[in-house]
Structure formats: structure tokens, C-alpha cells
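Visitor: what follows is a predicted protein model with its sequence.
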Amino acid sequence: MNKSPDAHRMEKIVSLCKRRGFIFQSSEIYGGLNGCWDYGPLGVELKRNLKNYWWRVMVHERDDVVGMDGSILMNRAVWKASGHEDTFTDPMVDCRSCKARLRADQLVEKKGINQCPNCGGKDLTAPRAFNLMFKTFVGATEDESSVTYLRPETAQSIFVQFKNVLEVSRKKLPFGVAQIGKAFRNEINPRNFTFRSREFEQMELEYFCRAEEGMRWLDYWKEERLKFYENIGIARDNLHALTVPDEERAFYSKGTYDIEYDFPFGRQELEGVAYRTDYDLSQHQKASGKSLEYFDEETKQRFIPHVVEPSAGVDRTVLALICEAYSEDEAPDEKGKMETRIVLRFHPRIAPIKCAVFPLLKNKEPLVAKAKEIVALLRPHMYVFYDEVGAIGRRYRRQDEIGTPFGVTVDQLRICRAFWFRASLNGSGAVSRILLEQSRSYGKHAIWRRCSRLQSCRQNLRASRAR
Ligand code: ATP
């Protein structure tokens, strides 16, 4: 059977991720562990840049949000009160023909009859609830009294620490608490590379507000989050804000949007933005017997705040960034023969390596010395890669393939005055010559400014071409 172009594209992305050190299978030398992944040298940079930018936008650039970092293991009572112990389940079905274990919503329906998506078999068990939480034991005895779970979401530690955070931060409504951290779900059928994993990271904000303002903040956060994705280089056309219909929303939610992305394997959720009412705080107040109320000094009223939650997946966003950046173009090889090459077009903000520095020739000492000087100049401001090995075209190619947006080539002996400034942002991978010494405004931080501001970078490139 021929593979669809999208399946083929996804295969190439997975293979690039391994070949260039973005993502590896966890425990690979032992045959892997389904649903678990390791990030290699470039993947970890990409992931870090994403998390840092999220934190910057969601916490540092706002007066109304503070952060926290909760533990992964929590008292079992948390999961009872939140409803996870009883209801955090997916309906599971077994295929008796090929023995596949499937989520009921992954079955294929043909002529009104459910079939196994793997073998087409129709001999399926009735759906039964499967709890997605990983169970574990705390302490030396393995009995009911020591049971707890790896957290399936980061949000609950924010709810149970609500009072402490409120007291120390002295925030007034509306305000938010943000957290980035690991979450674990024993997914019935992990698939689509890192998209559905069993261990993953979330970036969550719980934004507390008054009941009457909940719907307004829901819309506000949906728009903010869409902007965020655009600001890391995901085209608006590939993003979709789906209004989750009433019958599919959690019973306590008054409104939910799913922000979806057009992955090569279909349109899928990147982030949920949910107005969760006062459900979570009320549940924990009831179960713990501790007040989680907010005291309004102006009206002298006590009440449980409502909450809007934008909850994004780090790994899904990393995957979306790689899918979005992936492109192929045709370029002549060293013998002039046209060949297809991969270019990752990352936004400079999230690119793993910001700038590559090359002396044109490694046996020309002054070029090497100048290149190293440039590396030292840039290093305090960004992640820089120095490369002197091989033909310059091949060195450029290697950087294109990992999405390095800027490069500096020291290419002549007037080294103090001139070097190549190269950017593959404009789509063609064209080399733009900028004489940095021409203008004193190109100070120490000039290249960094370019890297952090795509817009001004584009203008600079245009200006340099016009010169
Ligand atoms: P799905 O319907 O795809 O299982 P969900 O609606 O259960 O996702 P939420 O509980 O809203 O997801 O979690 C918030 C975010 O956490 C998701 O939008 C996603 O980005 C991320 N996430 C959830 N489950 C996984 C997973 N198994 N692997 C990777 N990321 C996940």
C-alpha cells in the first residue's frame, strides 16, 4: 500500500529527529519503552527555549501571574477530591483477532459496525473504563495505605497551594499561578511519535477570577494563546480554536476551547483553554476541610474564585514546531547536481542554535582567530556553534538542516571590517552580506537583537539587499 504524502512527511520528520539529535526513543538499546522519549542535544535546547518563552510571556511579562513548582507525587486524597481516582478514565476495547488494546474512540466505523483500526477485525470486547493514572507506593510497604499516583496533570498542585500562594504573593483577583512540569498518563495507545506519550510535560496557568468574569477571561486567554503560537513561528492558518461542544465538555466547565494544529497526521489538540468554574477549589475545600476562599477587602465578601485554565503540552508544541519548520528544497551539490535537502525554518526565538560561526578556511590563522573572537562576543547572549570542518557549503547545509537562523562567516583578511551574515529566514537560504563594521550601531548586541526580533531582522535583511 502506498503511503500518503503526509505519512511520508511524518516518517521523514521522525527520522530527522533521530539523525540530528532532537528526539530518541527512550531506552532504545533495550528495545525502547512505548510512549516514552528522550530529547537529544538539539531537542533539549528547543524544548528549553519553548518553556523559557512561555514562562517569560505568561509570568515575567505580567503583573498578575506568579509561578510555582509542585511535586509530582502528592497525597492520594488530592486525586480522590479532584475526581481523578474515580473518573480519569478512557474507554478501552480489546480486539480479539489481533489482540490490540484500543481506545474506544479510535475504532473505525464501517457501515455502522465498529472495526479494529489495525486488522479490520469486528470481534471486539465491550468498552470498559481504564484509569490512566500510574499507581505507585510511597514508603517501604506496598499496601492500600501507601498508594498514590504520578500526577496526570500539573494543575492540582496549584489548586491545593492556592491559599499559600495567595498569602505570599498578596495578589488581588484576577490573578494567575503558572507551572511547567512533568505529567504522566498510562495512555492505552501512545502514538504519533511524541504526540501521545505516557510521560510528558505541561505548561499550565490557573487564572483565578470572579464568577461573573469567567467567560470574558476564557476568550481573553484563547486569544493570548493563539498569539503565543504565532510568536513562536506557527502560522495562524495552521492553528484552529475549536469550541468544544456542550456534550463533550467536562460537566463543571462552562466553556472550553481546544487549540488545534494541523499535524501531518491530522488536526489535533495542542492546548485546552477551559473555564473550570469553582469546581476544583470547591472540591479541595470540601475534602480537606480547609478554607480556600478569597476575601475581597472592598466588598468584605468571602467566596471561592472561579478559574480559567490554559493548559498546553510542551512535547506536542515541540512536535508542532518541528513539523511547522520542516521543509525541503532543491539545491546543487558540490558537483552541480540538483539534490533535495531539508531546511528547518525555526523562528529565531526557539531555534536550538541561534548562530553558527565559520572561518572560511581552517588553515588561515587570522580567519580562525577572528571567528573565535566573534564566538566569544556572542556566547554570553546566545547559544553559538563554531564549525571549521569541511567545505563551507556543507557546513551551511548542516546548519540549515537543524534550523540555525543566523551564521557568520569570516571570509576575508579584512577580517575586522567584514564578514558574512547569513540568514535562512527569508525562505531561500540566501546569503546576505552585511558589513557589520559599516555602522557603529552594530554594537556587541546587534546580532542578538536580530535573533530576538524577527521583524527587525527581516527589515535589516531587506535593507542589506537594497544596499
Ligand atoms: P487528548 O484529548 O489529546 O488526550 P486531553 O484533552 O486529555 O488531550 P488535557 O487533559 O486537556 O488533554 O491536557 C492538556 C494538554 O496536555 C493537552 O492539550 C496536551 O498538549 C498535553 N497532553 C495531554 N495528554 C498528553 C499525552 N498523552 N502526551 C503528550 N501531551 C499530552
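Guide: Sure thing, it's come through. Just so we're clear, the structure is a prediction, and the values are computed from it rather than from any experiment. Numbers count the residues shown, from 1 in each chain.

Visitor: not counting residues beside it along the chain, what's closest to E324?
Guide: Nearest in space to E324, with sequence neighbours left out and distances taken as Cβ to Cβ, 6 or more residues apart in numbering, is I234 at 5.1 Å. Every C-beta, even on glycine, is put in place using the N, C-alpha and C of the backbone.

Visitor: just how off-centre is stretch 187-202 within its chain?
Guide: The chain centroid and the centroid of stretch 187-202 are separated by 13 Å, computed with Cα atoms, centre = their mean, to the nearest Å.

Visitor: should've said stretch 387-395
Guide: Mean C-alpha position of stretch 387-395 versus that of the full chain (Cα atoms, centre = their mean) differs by 31 Å.

Visitor: check whether the residue nearest to E324 really touches A320, as I assumed.
Guide: Yes - here I234 lies in contact with A320, judged by Cβ atoms under 8 Å, at a distance of 6.1 Å.

Visitor: so what sits against both of the two?
Guide: Y261 (Cβ atoms under 8 Å, 6 or more residues apart in numbering).

Visitor: what about this structure, any weak spots by pLDDT?
Guide: By pLDDT under 70, the weakly predicted segments of the chain are 1-3, 412-467.

Visitor: could you pick out the residues of it near the ligand for me?
Guide: If contact is defined as Cβ under 6 Å from any ligand atom, the residues of the chain in contact with the ligand are 153, 185, 187, 196-197, 200, 202, 269-272, 311-313, 315-316.

Visitor: how about the one residue in the chain that gets nearest to the ligand, what does it touch?
Guide: Ranking the residues of the chain by distance to the ligand (Cβ to the nearest ligand atom) places G313 first, at 2.2 Å. When contacts are counted by Cβ under 8 Å, 6+ apart, G313 is found next to F200, E201, Q202, M203, L270, E271.

Visitor: hmm, back to that, just the residues of the chain next to the ligand now: which is nearest I259?
Guide: Proximity of the residues of the chain next to the ligand to I259 (Cβ to Cβ) peaks at E271, which lies at 4.4 Å.

Visitor: skipping its backbone neighbours, what lies nearest the closest one in space?
Guide: On the basis of Cβ to Cβ, 6+ apart, the spatially nearest residue to E271 that is not a chain neighbour turns out to be A312, at 3.9 Å.

Visitor: part of a strand, is that neighbour?
Guide: Yes - assessed by DSSP: H, G, I helix; E, B strand; the rest coil, A312 belongs to a strand.

Visitor: run a quick neighbour tally on it.
Guide: For A312, the count of nearby residues is 24 (other Cβ atoms under 10 Å).

Visitor: test my guess that it contacts M203.
Guide: Yes - A312 is in contact with M203 according to Cβ under 8 Å; the separation is 4.7 Å.

Visitor: between the two, what contacts are shared?
Guide: With Cβ under 8 Å, 6+ apart as the test, A312 and M203 both reach W54.

Visitor: residue contacts, G233?
Guide: L321, E324, A325, R345, F346, H347, R349, I350.

Visitor: what about V177, which SS state?
Guide: If you use three-state DSSP, then V177 falls in the strand class.

Visitor: that one and N164 touch, don't they?
Guide: No - because the distance of 10.2 Å does not satisfy Cβ under 8 Å, V177 is recorded as not touching N164.

Visitor: looking at these two, which is more packed in?
Guide: Using other Cβ under 10 Å, the more surrounded residue of V177 and N164 is V177, with 26 against 10.

Visitor: quick one: list the elements packing against the longest helix seen in the chain.
Guide: Determined from DSSP state H, the single longest helix within the chain is helix 214-231. Of the remaining helices and strands, those touching helix 214-231 by 3 or more Cβ pairs under 8 Å, 6 or more residues apart in numbering; DSSP states H and E are strand 199-209, strand 239-243, strand 255-263, strand 266-277, strand 306-313.

Visitor: who's in contact with that helix?
Guide: The contact list for helix 214-231, computed with Cβ under 8 Å, 6+ apart, reads 53-54, 57, 174, 205, 207, 209, 236, 239, 241, 254-255, 257, 259, 261, 270-271, 273-275, 277, 306, 308, 310, 312, 317, 320, 347, 349.

Visitor: from those, which would you call buried?
Guide: 53-54, 57, 174, 205, 207, 209, 239, 254-255, 257, 259, 261, 270-271, 273-275, 277, 306, 308, 310, 312, 317, 320, 347, 349 (16 or more other Cβ atoms under 10 Å).

Visitor: R9 and N75, how far apart?
Guide: 45 Å (Cβ to Cβ, to the nearest Å).

Visitor: more crowded one of these two?
Guide: Higher neighbour count among R9 and N75: R9, with 17 against 12, using other Cβ under 10 Å.

Visitor: element containing that one, please.
Guide: Here R9 is covered by helix 5-19, with elements defined by DSSP states H and E.

Visitor: show me which positions of that helix end up buried.
Guide: Buried residues in helix 5-19, counted by 16+ other Cβ under 10 Å: R9, M10, I13, V14, L16, C17.

Visitor: spit out the contact partners of the last one.
Guide: Shown here is C17, whose contacts under the criterion Cβ under 8 Å, 6+ apart are I23, G43, F193, I322.

Visitor: quick one, helices of the chain?
Guide: 5-19, 41-55, 76-82, 84-87, 155-160, 162-169, 214-231, 279-288, 314-325, 365-378, 392-402, 446-452, 454-466.

Visitor: out of the helices and strands packed on helix 214-231, which comes closest to V375?
Guide: Comparing these by their distance to V375 (Cβ to Cβ), the top pick is strand 199-209, with 31.2 Å.

Visitor: give the partner strands of the closest one in its sheet and their orientations.
Guide: With DSSP bridges as the criterion, the sheet partners recorded for strand 199-209 are strand 175-184 (antiparallel), strand 306-313 (antiparallel).

Visitor: before we move on, the earlier item: out of the residues of the chain next to the ligand, which is most surrounded?
Guide: Neighbour counts for these were taken using other Cβ under 10 Å; the highest belongs to E271, which has 27 neighbours.

Visitor: wouldn't it be in contact with I259 here?
Guide: Yes - at 4.4 Å, E271 and I259 qualify as touching, with contact defined as Cβ under 8 Å.

Visitor: which residues are common contacts for these two?
Guide: Between them, E271 and I259 share these contacting residues under Cβ under 8 Å, 6+ apart: R225, A312.

Visitor: okay, now the nearest residue to K51 once chain neighbours are set aside: neighbour count?
Guide: With Cβ to Cβ, 6+ apart as the measure, I180 is the residue that lies nearest to K51, at 5.4 Å, once sequence neighbours are left out. The criterion is other Cβ under 10 Å. On that basis, I180 has 21 neighbouring residues.

Visitor: can I have the buried ones of the contacts of G233 as a PyMOL selection?
Guide: This is the PyMOL syntax for the buried subset of the contacts of G233, where burial follows 16+ other Cβ under 10 Å:
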select buried, resi 321+324+325+345+346+347+349+350
